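**Q** Just need the structure, nothing else, for what follows:
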Amino acid sequence: MTKFNAIGILILSLIAFAPVVDAGCCSGGTWDPSGFLNSEIGTGQIVPPGSAGDSSAGNSGSGTAGTQKSFDRVASFPNGTILKAMKSVSSSDVVMDVSNTDSYSTSHIKNAIHIPSKAFLNGEGNLKTNEELAKVLGDAGVSRDDSIVLYAGKESSGEAEFAFLVLSYLGQKDVQLLDGSLGDWKASGLPEETSENILPGTEYGPMVKPQVIAEYQYVKSGQAQIIDVRPFVEFGKGRIPGSIALDPANVIKGDKIKTGTDLGMVFSRLDKEKPIVVYSDDYSRSALVWYALQLMGYEASIYTWEDWKAHKAAEVPEGTAPAGGNTVDSKYTKLGTT
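**A** So this is what the prediction gives:
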């Protein structure tokens, strides 16, 4: 064997045993529609969340320290099953971008469809009827049996949480929020695209869970703890008697929902054995806090300030001032920050 033949054989051996890089895990690579996003690069083996191969975006650090932080974050919530680690998203999931901006056309998660969360509201800003909500989802090709993963361009906007609330109300069997924003997804090198994805229309059969949305008589009864998540200046002008003030920013750290440890401190003054009603004049604000309470295992529903005012006005005899505006109890509680 000549010297040159020996060198050639050595080079071929190195090429044959070189590690294979899975282009499907990169933004500009090939998307494998039958695989999982949390596959080990070059092996196709699924990596369980929290294992050494799972390094969900949004975590500082790398290697074992970074993955341990990701695992601890999900495990810190009593009801962490409603949160989806980015690299556990599967091709069998229906990923839904619910951003209300034009960010979807600029860039979105590979294969994601687009349903702006405002599509669930009517022209007056109220929640659409059950039939109208079902039509929005059915026309977009979503069925109640689908595994849904929701995200918005900005995680702390409350848009994804509102969509989660609507789907929960309609009885969606499997729905989760992505634990991270589109920016986190891109930073993790996961596949994205700009082309629009449209699914064939279908029939959405809701199984409505009325307990998700509170009614006036229940709120008035005093059976639940009432949390007001409007701006504090509005809380000062008028509120539902006995309300607790909470700024939705208190459940956010950076651009993510706080860990279970931090949320535990924010909600420490609440009685976990007593149901909670969250209300506002903005569904995104109330849904953000409502979802944080869901993560922490509280029994919670949402309500609107407008409905309260409308009922109080209807109860006032003609010629007298309506209650529910500046006629409130003089004492209040404000939940602290962490």
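**Q** C-alpha from now on. contacts and neighbour counts both.
**A** Noted.
**Q** thought Ala85 was touching Leu178?
**A** Yes: the criterion here is Cα atoms under 8 Å, and Ala85 meets it with Leu178 at 6.2 Å.
**Q** which residues touch the residue nearest the centre of the chain?
**A** For the chain, Leu177 is the residue whose C-alpha lies nearest the centre (Cα atoms, centre = their mean; 3.6 Å). For Leu177, the contact set (Cα atoms under 8 Å, 6 or more residues apart in numbering) comprises 82-84, 149-151, 160-161, 164.
**Q** go again using 7 Å as the cut-off
**A** Taking Cα atoms under 7 Å, 6 or more residues apart in numbering, we find Leu177 in contact with 82-84, 149-151.
**Q** same question, Met96
**A** Met96 sits next to 112-115, 149-151 when contact means Cα under 7 Å, 6+ apart.
**Q** before we move on, back to that, the residue nearest to the centre of the chain in helix, strand or coil?
**A** Here Leu177 is recorded as strand under DSSP: H, G, I helix; E, B strand; the rest coil.
**Q** Who is it paired with across the strands?
**A** When assigned by DSSP bridges, Leu177 has beta-bridge partners Leu83, Leu150.
**Q** And the strands in the stretch 101-250 of the chain?
**A** All strands of the stretch 101-250 of the chain, identified by DSSP state E, counting those that start in this stretch, fall at 108-109, 113-114, 147-151, 174-178, 192-193, 225-228, 244-245.
**Q** Strand partners (parallel or antiparallel) of the last one?
**A** The partner list of strand 244-245 in its sheet, established with DSSP bridges, is strand 225-228 (parallel), strand 333-334 (parallel).
**Q** okay, the first one in PDB with CA atoms only?
**A** Pointing back at strand 225-228 there. This file holds the C-alpha atoms of strand 225-228, laid out as PDB (Å, rounded to 0.1, in the frame of the first residue of the first chain):
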ATOM      1  CA  GLN A 225     -62.400  35.900  45.700                       C
ATOM      2  CA  ILE A 226     -62.500  38.700  43.200                       C
ATOM      3  CA  ILE A 227     -59.400  40.000  41.500                       C
ATOM      4  CA  ASP A 228     -59.400  43.300  39.600                       C
END
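**Q** Contacts for it, please.
**A** With contact meaning Cα under 7 Å, 6+ apart, strand 225-228 is reached by 242-246, 274-280.
**Q** how about a cut-off of 10 Å?
**A** With Cα atoms under 10 Å, 6 or more residues apart in numbering as the test, strand 225-228 has contacts from 219-220, 234-235, 239-248, 270-272, 274-281, 285-286, 289-290, 300-305, 333-335.
**Q** Give the ChimeraX command for selecting the buried subset of the residues you listed.
**A** To isolate the buried members of the contacts of strand 225-228 in ChimeraX, using 16 or more other Cα atoms under 10 Å:
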select :219,235,239,240,241,242,243,244,245,246,247,248,270,276,277,278,279,280,281,285,286,289,290,300,301,302,303,304,305,335
